[in-house]
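Asker: pasted the sequence and its predicted model underneath.
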Amino acid sequence: MIQLSKILKSVPIFHTLGKESIDFIIQRLKFKTFGPNETVCKIGDPGDEMYIIINGEVKICVYDEQGNETVVATLKAGEYFGEMALLTGEPRSASVITTKDSEMFALHKNDFDVILERFPSISISIGKIMSQRLRETLAKASHLPNVNKLETGQQGPRGSLKDVPLVDLIRFCEANSLTGTVKLDKNGEQGQLEFKAGQLQKVSLGNLTEDQALDTMISWTDGNFEIELKPIKLDGLVEDKTETKEQLKIRHILILINSLVVQKIIERALNGLGYKVFKARNISDGLDLMEKEDIHLIISDIKLPDGEAGALIEQIRKQNENPIIFLGEPNIKEEVLTPIKKSSGVKITNSHEVSEIVQLIEHFNQNG
């Protein structure tokens with residue numbers, strides 16, 4: 001199950017943030033949907049948003065002068081891209097295209113600037129990252145490899161070190177935020193470099209230390225390479241799905257909303273995050289579902305065809321203490337708000353933004 005707070009904590013610029021800061025960021029995420037083969041952003045576009053994939057898949061692509069495409073990475077649910085755009089605002093250096101129906105949360109640079117103003121501690125992380133990028137920029141002595149010399153295999157780009165030296169390969173991986181392994185072979189001598197989101201994590205060649213291995217392989221003027229792409233392993237996420245489900249209190253959610261459009265939007269987002277969703281359009285049908293299914297949380301309209309918030313809370317509390325999230329509405333009368341404010345385990349949103357709903361679900365997951 002995808003948890004936005006843990007994904008955001010894995011993003012380098014947010015790594016040092018506490019729960020309050022992460023929750024503040026989640027409130028500013030915007031829910032977006034894309035069809036298959038739809039361009040999320042293309043080379044040259046303004047770098048003004050980062051994205052978190054909650055459902056679907058995208059490919060990261062670069063192109064040569066003839067327009068031939070090279071896929072340098074494939075990202076799936078639980079992964080993110082474009083985070084450096086929040087720091088630099090530089091034009092996109094690669095295109096991102098969906099390979100299937102996808103749902104994502106986006107954080108715009110304008111919202112990031114608000115976050116930075118409220119939580120200046122982020123500047124510490126930014127300073128480290130920007131200093132590293134400056135050192136890398138100053139160290140560059142040549143351009144990125146010519147993509148004409150990169151073949152695209154089933155796993156990823158491959159070619160000859162005669163055409164593309166290892167130094168250029170490293171820059172290629174960094175510039176495209178690649179996650180995967182660069183495998184080298186010179187006359188049977190095999191080494192590899194492991195990257196995560198464009199950052200070099202590990203270097204190995206026989207029994208040599210990492211420094212010795214890197215110096216040795218950089219000196220190779222012949223041999224072959226292959227870049228094996230793989231998904232990012234997000235820090236803090238438990239890979240055993242059974243263990244994750246046992247740790248999380250909320251897995252099954254009842255959407256009790258009269259509008260089919262709103263119901264569908266929330267359902268798709270929650271399905272993408274790994275929750276099992278049940279739906280009803282009135283209190284009576286919702287209560288019937290709760291008797292048949294193991295429901296852990298309810299998301300509801302304040303006004304339903306057969307009753308308002310107070311009636312729903314009263315009926316549910318006869319069965320259990322499951323948390324309830326009501327979707328806020330403008331100009332709600334105080335007598336309608338009173339039972340919501342007085343009841344424990346009940347929250348109300350300020351809007352119908354999916355990100356705010358998800359934040360409240362995570363609040364109940366973490367705090368019970």
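Answerer: Everything's here; your move. Numbers count the residues shown, from 1 in each chain.

Asker: how does the protein divide into domains?
Answerer: 4-139, 147-229, 241-367 (automatic domain parsing).

Asker: save those as TSV, and put in mean neighbour count and mean pLDDT too.
Answerer: In short, each C-beta sits where N, CA and C put it, glycine included. Listed next are the domains of the chain as TSV, based on neighbours: other CB atoms under 10 Å; pLDDT from 0 to 100:
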stretch	mean neighbour count	mean pLDDT
domain 4-139	17	80
domain 147-229	17	78
domain 241-367	17	84
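
Asker: so where do the helices sit in the stretch 251-368 of the chain?
Answerer: 260-272, 283-292, 309-319, 334-342, 354-367 (DSSP state H, counting those that start in this stretch).

Asker: could I get those as a markdown table with distance to Val114?
Answerer: Conversion of the helices of the stretch 251-368 of the chain to a markdown table gives the following (distance: least, CB to CB, whole Å):
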| stretch | distance to Val114 |
| --- | --- |
| helix 260-272 | 23 |
| helix 283-292 | 37 |
| helix 309-319 | 31 |
| helix 334-342 | 28 |
| helix 354-367 | 14 |
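
Asker: which ones are touching the closest residue to Glu362 other than its chain neighbours?
Answerer: Of all residues not flanking Glu362 in the chain, Ser5 sits nearest, at 5.7 Å (CB to CB, 6 or more residues apart in numbering). Ser5 makes contact with Lys19, Ile22, Asp23, Ile26, Glu362, according to CB atoms under 8 Å, 6 or more residues apart in numbering.

Asker: one more time with 7 Å, if that's ok
Answerer: Contact partners of Ser5, counting by CB atoms under 7 Å, 6 or more residues apart in numbering, are Ile22, Ile26, Glu362.

Asker: next, give phi and psi for Trp293.
Answerer: Wrong residue type there; residue 293 is Glu, not Trp. Torsion angles at Glu293 (phi, psi; degrees, to the nearest 10) stand at phi -120, psi 160.

Asker: thought it was touching Phe278?
Answerer: Yes. Counting by CB atoms under 7 Å, Phe278 is a contact partner of Glu293 at 5.7 Å.

Asker: hey, what's in contact with both of the two?
Answerer: With CB under 7 Å, 6+ apart as the test, Glu293 and Phe278 both reach His252.

Asker: in the stretch 151-300 of the chain, which spans are strands?
Answerer: 151-152, 157-160, 180-186, 189-196, 199-205, 224-229, 252-256, 276-280, 297-301 (DSSP state E, counting those that start in this stretch).

Asker: of all those, which lies closest to Ala311?
Answerer: Ala311 lies closest to strand 297-301 among the strands of the stretch 151-300 of the chain, at 10.9 Å (CB to CB).
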